[in-house]
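A.B. asks: return a 3D structure for these sequence lines:
(one chain, ligands or ions: 1)
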Amino acid sequence: MADASDNAVPRKHTEVAVGILLKRDGAMLLTSRPEGKPYAGYWEFPGGKLEAGETVEQALRRELQEELGIVIGAASVWKITEHDYPHALVRLHWCKVFEWQGAFEMREGQNMAWQDWPPTVEPILPGAVPVLQWFAEERGVPFDPSLIG
Ligand SMILES: Nc1nc2c([nH]c(=O)n2[C@H]2C[C@H](O)[C@@H](COP(=O)(O)OP(=O)(O)OP(=O)(O)O)O2)c(=O)[nH]1
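C.D. replies: As a prediction, the model looks like this:
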């Protein structure tokens with residue numbers, strides 16, 4: 001018997017470049033999502049959607065300049081995850097960033113927080129939680145994702 005799912009069109013991925021900015025002491029940068037976006041007020045790693053023809057590195061450089069006013073050095077993809085939200089199916093391209101220039105300006109009215117381990121800001125955007133799990137593994141410390149958000 002036919003049902004609606006027979007005609008379901010697979011959802012297209014939205015490609016997103018995300019920067020994990022790390023200071024020498026290991027602190028990582030989290031920013032809050034601005035008003036007007038889905039999950040406003042949730043904490044995430046800064047970044048945004050790829051535009052047509054852009055590489056991940058190009059998109060990340062553009063987004064961090066637009067949103068934070070900084071110019072990043074080299075960035076390459078560390079890991080890739082997917083998250084299925086009601087508003088979009090996203091594919092997140094995670095890049096560690098160790099070098100940048102310029103003073104931070106929150107150009108979209110967001111907040112920023114340098115976080116040591118474990119991070120204390122909340123809630124964390126669900127699609128960013130895997131990064132915290134990887135960091136816990138890298139640091140050899142336990143991490144319970146159910147305590148986040
Ligand atoms: N920047 C960022 N986005 C994330 C993270 N985790 C996660 O699931 N996402 C999702 C949320 C959004 O659905 C998508 C990013 O889209 P966005 O709307 O923030 O990007 P953008 O700045 O290009 O937005 P706009 O131009 O359409 O306003 O990726 C994360 O840690 N950082």
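
A.B. asks: C-alpha only now, for contacts and for neighbours.
C.D. replies: Will do.

A.B. asks: quick check, central residue of the chain?
C.D. replies: By CA atoms, centre = their mean, the chain has its centre lying nearest to Phe45, at 3.7 Å.

A.B. asks: so who does that residue touch?
C.D. replies: 18-20, 29-31, 128 (CA atoms under 8 Å, 6 or more residues apart in numbering).

A.B. asks: and what of Thr31?
C.D. replies: 43-46, 110-113.

A.B. asks: in helices, which of these appear?
C.D. replies: Using DSSP state H, no member of the contacts of Thr31 sits in helices.

A.B. asks: make JSON lines from those and add distance to Ala52 and pLDDT to it.
C.D. replies: Formatted as JSON lines, the contacts of Thr31 follow (distance: CA to CA, whole Å; pLDDT from 0 to 100):
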{"residue": "Trp43", "distance to Ala52": "26", "pLDDT": "98"}
{"residue": "Glu44", "distance to Ala52": "23", "pLDDT": "98"}
{"residue": "Phe45", "distance to Ala52": "22", "pLDDT": "98"}
{"residue": "Pro46", "distance to Ala52": "20", "pLDDT": "98"}
{"residue": "Gln110", "distance to Ala52": "26", "pLDDT": "97"}
{"residue": "Asn111", "distance to Ala52": "28", "pLDDT": "98"}
{"residue": "Met112", "distance to Ala52": "28", "pLDDT": "98"}
{"residue": "Ala113", "distance to Ala52": "31", "pLDDT": "98"}
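
A.B. asks: near the ligand at all, the top helix by length along the chain?
C.D. replies: Ordering each helix of the chain by length in residues (DSSP H) puts helix 56-68 first. No - counting by CA under 6 Å from any ligand atom, the ligand has no neighbours in helix 56-68; the shortest distance is 6.9 Å.
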